[in-house]
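Visitor: Using only what follows, build the 3D model:
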Amino acid sequence: MEDQDLKEFIKERYGKIARGETLFCCPGCGPTVADQCLAVGYTPEDLQLVPESAVLGVGCGNPTALADIAAGETVVDLGSGAGIDVFLAATKVGDRGRVIGVDMTEDMVAKGRLLAEQHGFPNVEFRLGYIEHLPVDSGTVDVVISNCVINLTPDKLASFQEVHRVLKPGGRILIADLVTAGELPPDVRASAAAWADCLAGAMEKEAYLETIRHAGFAEVAVVSESPYEAPGMDERLLGKIISVKVRAFKGQ
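Guide: Numbers count the residues shown, from 1 in each chain. The predicted structure follows:
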């Protein structure tokens with residue numbers, strides 16, 4: 001499948017999730033959305049701080065818990081969806097700070113904007129765009145976070161180069177993502193559905209970290225990792241998918 005066709009497939013899938021036409025997994029066949037969030041690192045207190053409709057259960061970590069976000073900072077969330085991490089970051093940056101969510105799915109951006117308005121988050125903005133071409137000015141951001149999104153793009157180097165561009169000198173990233181331990185079956189790699197499930201596009205762990213370094217980042221480190229399993233996941237993938245949280249810095 002061509003890259004653009006793959007993007008359109010993923011946009012359609014996540015557009016349906018945003019509109020409530022489908023769930024990330026089938027109802028009744030596994031953990032609830034709240035259970036999924038708790039399993040990847042959110043706390044019950046976190047979920048109380050954000051609009052309920054922003055909680056979709058599609059991530060693989062809680063980047064806001066590890067990013068050391070401070071009051072007054074500017075934060076960008078890549079692939080922000082309905083905004084769970086945007087809204088959590090907004091509570092940390094306060095009135096003097098700013099959080100920008102970027103997503104390629106029109107329905108997700110519209111949902112995030114509506115929730116920000118309805119729930120009183122004036123320090124939040126949602127922008128439509130691709131992470132390989134961020135609609136953000138160069139050198140204006142303190143922190144970039146992302147939650148199980150970079151694996152969805154075929155061009156991960158371009159994405160990290162864009163992240164490097166928008167960060168201020170000394171800025172940092174905290175990325176939650178899926179990587180692999182070993183090769184995935186060719187039919188999984190070729191499956192659009194497996195791409196949309198954040199599986200087929202996952203890179204081998206060391207190659208992923210080297211891609212971040214190649215984009216210009218320093219002090220690239222895995223701050224936590226754990227095996228990843230999802231309801232209904234192909235049994236051939238068990239033990240081969242890892243959830244990692246990666247921190248790195250842009251040089252001064």
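Visitor: show me the contacts for the nearest residue to residue 173 once chain neighbours are set aside.
Guide: In space, and not counting its chain neighbours, residue 173 is closest to residue 144: 4.7 Å by Cβ to Cβ, 6 or more residues apart in numbering. In short, each C-beta sits where N, CA and C put it, glycine included. Residue 144 makes contacts with 75, 76, 77, 78, 163, 166, 167, 171, 172, 173, 174, 175, as judged by Cβ atoms under 8 Å, 6 or more residues apart in numbering.
Visitor: Residue 144 bridge partners, please.
Guide: Here residue 144 shows beta-bridge partners residue 76, residue 173, assigned using DSSP bridges.
Visitor: and stretch 52-62, C-alpha only, in PDB?
Guide: Extracted as PDB, the C-alpha positions of stretch 52-62 are listed here (Å, rounded to 0.1, in the frame of the first residue of the first chain):
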ATOM      1  CA  GLU A  52     -14.400  12.000  29.700                       C
ATOM      2  CA  SER A  53     -14.800  12.100  25.900                       C
ATOM      3  CA  ALA A  54     -11.100  12.700  25.500                       C
ATOM      4  CA  VAL A  55     -10.300   9.300  27.000                       C
ATOM      5  CA  LEU A  56     -10.300   6.800  24.000                       C
ATOM      6  CA  GLY A  57      -7.900   4.100  25.300                       C
ATOM      7  CA  VAL A  58      -5.700   4.100  22.200                       C
ATOM      8  CA  GLY A  59      -2.300   4.900  23.800                       C
ATOM      9  CA  CYS A  60       0.600   2.700  25.000                       C
ATOM     10  CA  GLY A  61       1.800   5.000  27.800                       C
ATOM     11  CA  ASN A  62       1.300   8.200  29.800                       C
END
